[in-house]
Structure formats: structure tokens, C-alpha cells
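Novice: Coordinates only, no sequence provided:
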């Protein structure tokens, strides 16, 4: 009980720190910006604490199947931290921010090529965007996208090499997939495989589709202003993190489906042996 409560509190504090990171380093343009950020951090703390302190799952998937959520958190925290330091270099440059900015320039030179998701993000900007803003968006989008790719690759390593989730004991579908109803109808394996493939396909397409949709919506609504550094950080982090999270979920559900197939095959073989 104490260990679970302590772990839930630590997770809540880390998520709150994630929400506060851009506001701690960058200027707040709105008069009520500080109060809003603090409120969101407190809300994130209580939601995370309530989820992990409870014995019954609600909506967070794979909470008892590390390192899925740990990799998600590290990936998102890396994006937010890197982008915060890169944006801070435009206001009060320091030795640390200069290093991260130079690293971002190197990453952008590799990732930014024709028809890449980063190039689509740049094309999403309004025609009157300034050259410094375009360069900042280019660097930030490149770093966020590479961080997402590293997160996906880390989980693929955990699945293929470390044999996730078998190393963590029995996998409980109810606690780790609370939104999945195995009694809804149809074969569980077929549904898991379909959901996994669908999540991977959508996750691969989203980095290309989101900029295109935003560009189309600018004809009917005001475009997102990325000149605000905090808006830029959270927009690009969401653009890179959500597809990565969907791909990881697809990989995880496909892995669970394969484990169920292996269990069925082993059970069928054991029954055949006993019958013979």
C-alpha cells in the first residue's frame, strides 16, 4: 500500500514537472498564463496519482507493463525539454542552450528534406512568417520527430530483444488494456491484430496528415500562432508524440495477440499429447 502510494505520488510529481517545464524557462505572454499552467500541473498530478494509486484501472493503458508508459514519458519529457532549451536560446542564450540549438541545427539538416514531415510543418506556416520563426520551427520539429523515432525504436528493442512483456510476469489484459472489451464479440486475436495494424498505420500517416489538415483549416479559422514559444513547444510535441504513442500501442497489441496465439498453440499441443 505504501509503496503503491509513494510510486503514484512520484509519477504525479514527474508529470506535473513536465507540464511546468516550458513555463519555468520561458516567458509567459498572457497575464493569466502562470495561473493556468499551475492549474494544469496540479490537475495532471491528481489525475496521475489517482490512476496509479487505484487498484482498478480507468483509462491509462499498460500501467502494469513497463516500460511502455516509462518510454512514453521519457520521450515526451525529452521533446519538451529539448524544445524549451532551443526556444530559450532565442531569448537569453547560454552555453547550454547554444549546445542544444547547434545540435538541433545538425538534426534539422538531416531530417528536413523534400516531402518529409518536417518539411510539411514548415509549409504549414503562414506566408508572412519571419525567417527566424521558420528556422526555429524547422529545428524544433526536427528534434521532436527524431525524439519520437528514438522512442519507437527503444520500444521495438524492448519487444524484439528483451521479449516484452514476458519478463514482467503474467500480462493482465484487464489492468493493462482497460478500454479493450474481450467479450464484445469476435475472436480476441483478430481484434487485437486489427487494432494494432490500424494504430500503426494511423501513427505513420499522422505526421503527414496533421500539417495538411491545419493548412486546409486556415481558410476557415485563424491559424495556430507558433510565434509564442510555449504554443510552439506543445504543438510540435503533440504532433510528434501522438503518432509515436499510437505506433507503440499498435506494436504492443500485436505482441499481445502473438502471445495469445502461442498460448493457444501450446495448449492445443498439450491436449493432443495427452489424448495420444
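Specialist: All right, it came through fine. Because the structure is predicted, anything quoted here is derived from the model rather than measured. Residues are numbered from 1 along each chain as shown.
Novice: Now for the residue sitting nearest the centre point of the chain: which residues touch it?
Specialist: By CA atoms, centre = their mean, the chain has its centre lying nearest to residue 241, at 3.4 Å. By CB atoms under 8 Å, 6 or more residues apart in numbering, the residues touching residue 241 are 72, 75-76, 79, 144, 148. Just so you know, the C-beta spots here come from the backbone N, C-alpha and C atoms, and that holds for glycine as well.
Novice: Next one: it from residue 108, what distance?
Specialist: 18 Å (CB to CB, to the nearest Å).
Novice: Please apply the same query to residue 218.
Specialist: Residue 218 sits 24 Å away from residue 108, going by CB to CB.
Novice: Looking at these two, which has the bigger crowd around it?
Specialist: A count of neighbours by other CB atoms under 10 Å puts residue 108 above the other of residue 218 and residue 108, at 21 against 13.
Novice: how much space is there between the closest residue to that one other than its chain neighbours and residue 256?
Specialist: Distances taken as CB to CB, 6 or more residues apart in numbering place residue 142 nearest to residue 108, at 3.9 Å, with adjacent residues excluded. According to CB to CB, residue 142 and residue 256 sit 33 Å apart.
Novice: pLDDT score for residue 110?
Specialist: Residue 110 is assigned 94 on the pLDDT scale.
Novice: which residues touch the residue lying closest to it once chain neighbours are set aside?
Specialist: Closest residue to residue 110 apart from its sequence neighbours, by CB to CB, 6+ apart: residue 142 at 7.8 Å. Neighbouring residues of residue 142 by CB under 8 Å, 6+ apart: 104, 107-108, 110-112, 118.
Novice: on that earlier part again, go ahead and build a ChimeraX selection from the buried members of the contacts of residue 241.
Specialist: Typed into ChimeraX, the next command selects the buried ones out of the contacts of residue 241 (criterion: 16 or more other CB atoms under 10 Å):
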select :72,75,76,79,144,148
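Novice: Can you tell me which of the contacts of residue 241 comes closest to residue 164?
Specialist: Distance to residue 164, by CB to CB, is smallest for residue 72 among these, at 13.7 Å.
Novice: Tell me who's in contact with the closest one.
Specialist: So residue 72 contacts 151, 241, 245, 248 (CB under 8 Å, 6+ apart).
Novice: among the residues you listed, who's most crowded?
Specialist: Going by other CB under 10 Å, residue 248 tops these with 27 neighbours.
Novice: The residue nearest to residue 13 when sequence neighbours are not counted: neighbour count?
Specialist: Spatially, and ignoring its direct neighbours in sequence, residue 13 is nearest to residue 45 (6.6 Å; CB to CB, 6+ apart). Neighbour count of residue 45, defined by other CB under 10 Å: 20.
Novice: what residues are up against residue 45?
Specialist: Residue 45 makes contacts with 12-13, 15-16, as judged by CB under 8 Å, 6+ apart.
Novice: Restricted to helices, list these.
Specialist: Within the contacts of residue 45, residues falling in helices by DSSP state H are 12-13, 15-16.
Novice: Drop anything exposed from these.
Specialist: Neighbour counting over the ones in helices among the contacts of residue 45 (16+ other CB under 10 Å) leaves 12, 15-16 as the buried ones.
Novice: ok, so of these, who is nearest residue 55?
Specialist: Once CB to CB is applied, the member of these that ends up nearest residue 55 is residue 12, at 16.8 Å.
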